[in-house]
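> Have a look at this prediction, sequence included:
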Amino acid sequence: METEITLVFHNLGLRSFIEVDLCARCPRQDDKGCCGFYSPVFYPTDLVYLYINEPDLLRHIFSLDHLTILDASVTVNNVIDGESYRCRFHSQAGGCTLPQHLRESVCRHFVCAGIGWMEEDSLQDWRRFFDDLTDYEIETNNRWSEILANLGITLRRPELRDRFFSELVKLYRDNLDNLPDFIKSMPEEETRTLRRSLVFGTEWIL
């Protein structure tokens, strides 16, 4: 079965994401698709964005059980669901309960391998963008984590979290004024379409 798949590339700097209309009709047909295999990890760039823009969501994340809290990251561990797992933010009724710009980086950038968009010659500009963005995000998170560690601040100690976020906000504000050229050079949004033959169940590659 061949179908048209629409991808919308959103350039929002560190909050960039790829919107894929196929997700709503996931060929896996198991009501969770890729959300059955991954536990989202929120790093400093995610945490500070939520702290400033969605503090209620940040408080909700820290209120959950079965978290893995490290010095500068929070993992929301998935739960057993049948023979696999399910992300804690996934709903059987409507997929991810988080808008895409509020998700962590893997969940913002991920497009299943069955679509194969990165192999398309016409999409190499966006492939380079998201490759560069991934590297930039990792470097930024590592740098901010090191700065916070040198200040003796860690998320492992709840009494230090207010200071953790106050220092993180300073780093974030400075980052907004110094975005790299690869972000500035791409449009804020662009829609592209592909045609693909679908297979269903576990034959569809995630």
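Everything's here; your move. What you see is a predicted model, and the numbers here were worked out from it, not measured in a lab.
> contacts for the one helix or strand Leu194 maps to?
Following DSSP states H and E, one finds Leu194 within strand 189-197. With contacts defined as CB atoms under 8 Å, 6 or more residues apart in numbering, strand 189-197 is touched by 1-11, 114-117, 120, 122-123, 126. Every C-beta, even on glycine, is put in place using the N, C-alpha and C of the backbone.
> Repeat the analysis, applying 10 Å as the threshold.
If you take CB atoms under 10 Å, 6 or more residues apart in numbering as the criterion, strand 189-197 is touched by 1-12, 19, 21-22, 27, 114-117, 120, 122-123, 125-126.
> Of these, which belong to strands?
Per DSSP state E, strands hold the following members of these: 2-10, 19.
> Kindly present those as JSON lines, with separate columns for neighbour count, pLDDT and distance to Pro99.
Shown next, in JSON lines, are these (neighbours: other CB atoms under 10 Å; pLDDT from 0 to 100; distance: CB to CB, whole Å):
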{"residue": "Glu2", "neighbour count": "7", "pLDDT": "92", "distance to Pro99": "30"}
{"residue": "Thr3", "neighbour count": "13", "pLDDT": "96", "distance to Pro99": "25"}
{"residue": "Glu4", "neighbour count": "10", "pLDDT": "97", "distance to Pro99": "24"}
{"residue": "Ile5", "neighbour count": "19", "pLDDT": "98", "distance to Pro99": "21"}
{"residue": "Thr6", "neighbour count": "12", "pLDDT": "98", "distance to Pro99": "18"}
{"residue": "Leu7", "neighbour count": "20", "pLDDT": "98", "distance to Pro99": "17"}
{"residue": "Val8", "neighbour count": "14", "pLDDT": "98", "distance to Pro99": "14"}
{"residue": "Phe9", "neighbour count": "21", "pLDDT": "98", "distance to Pro99": "16"}
{"residue": "His10", "neighbour count": "16", "pLDDT": "98", "distance to Pro99": "11"}
{"residue": "Glu19", "neighbour count": "15", "pLDDT": "97", "distance to Pro99": "11"}
